[in-house]
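**Student:** Build the 3D model from these lines:
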Amino acid sequence: MPGFDLLKGQIILSENLILCVQTVPSQLFNYFKHEEVKFLDLKNGWMHYQLENVKIQDKYFKFDLAFLGERLKSISFSFQFQTYEPSSWDAWSEKEELQKYALYENWLTIEVGVHRNYP
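**Tutor:** Residues are numbered from 1 along each chain as shown. Predicted coordinates:
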């Protein structure tokens, strides 16, 4: 069941948590352990919540959810095939980033298609 519903604009994590415009921050804490939800209060009404190592099918996702007050305004995400571990800029390489880019592009084309702009 976990996956992306393009028709409804939802990211389904489970039958108990669907990320969509109606999602509110308290739902994140009700579903995940408190220590699994990292958050940053920007002190201007915006709050960012980060979820790491959310398994969907064979991938581990990292989500950044931006809320203005209680309203979800943006979801950014990335994925990889193993769990996310702390790293530093010292481990960064252009070659690996280009490989990730190709992987993401392929995945997006399979999951979403070539038309990726939504109103």
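**Student:** Now do the same for residue 27: helix, strand or coil?
**Tutor:** The local conformation at residue 27, judged by DSSP: H, G, I helix; E, B strand; the rest coil, is helix.
**Student:** Tally up the residues packed near the residue lying closest to it once chain neighbours are set aside, please.
**Tutor:** Leaving aside its sequence neighbours, residue 27 sits nearest to residue 17 (Cβ to Cβ, 6 or more residues apart in numbering; 6.3 Å). C-beta here means a position set from N, CA and C on the backbone, and glycine is covered the same way. Residues lying near residue 17 (other Cβ atoms under 10 Å) number 17.
**Student:** hey, what's residue 17 bridged with?
**Tutor:** residue 14 (DSSP bridges).
**Student:** right, and it touches residue 29 too?
**Tutor:** No. Judged on Cβ atoms under 8 Å, residue 17 makes no contact with residue 29 at a distance of 10.9 Å.
**Student:** longest single helix anywhere in the protein?
**Tutor:** Longest helix in the chain by number of residues (criterion: DSSP state H): helix 94-111.
**Student:** What's the mean pLDDT across it?
**Tutor:** What helix 94-111 shows for mean pLDDT is 91.
**Student:** counting contacts, what elements does that helix pack onto?
**Tutor:** strand 71-80 (3 or more Cβ pairs under 8 Å, 6 or more residues apart in numbering; DSSP states H and E).
**Student:** pLDDT weak spots in the protein?
**Tutor:** 1, 117-119 (pLDDT under 70).
**Student:** Nearest the geometric middle of it, what residue?
**Tutor:** residue 63 (2.3 Å; Cα atoms, centre = their mean).
**Student:** helix or strand for it, which one?
**Tutor:** strand 59-68 (DSSP states H and E).
**Student:** by contact count, what packs against that strand?
**Tutor:** Right, strand 59-68 is packed against strand 46-56, strand 71-80 by 3+ Cβ pairs under 8 Å, 6+ apart.
**Student:** hey, C-alpha coordinates of that strand in PDB?
**Tutor:** The C-alpha trace of strand 59-68 is given here as PDB (Å, rounded to 0.1, in the frame of the first residue of the first chain):
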ATOM      1  CA  LYS A  59      13.800   2.300  -0.800                       C
ATOM      2  CA  TYR A  60      14.500   4.500   2.200                       C
ATOM      3  CA  PHE A  61      13.100   8.000   2.000                       C
ATOM      4  CA  LYS A  62      14.000  11.200   3.700                       C
ATOM      5  CA  PHE A  63      11.100  13.800   3.800                       C
ATOM      6  CA  ASP A  64      11.200  17.400   4.600                       C
ATOM      7  CA  LEU A  65       7.800  18.800   5.300                       C
ATOM      8  CA  ALA A  66       7.400  22.600   5.500                       C
ATOM      9  CA  PHE A  67       4.400  23.900   7.400                       C
ATOM     10  CA  LEU A  68       3.100  27.500   7.700                       C
END
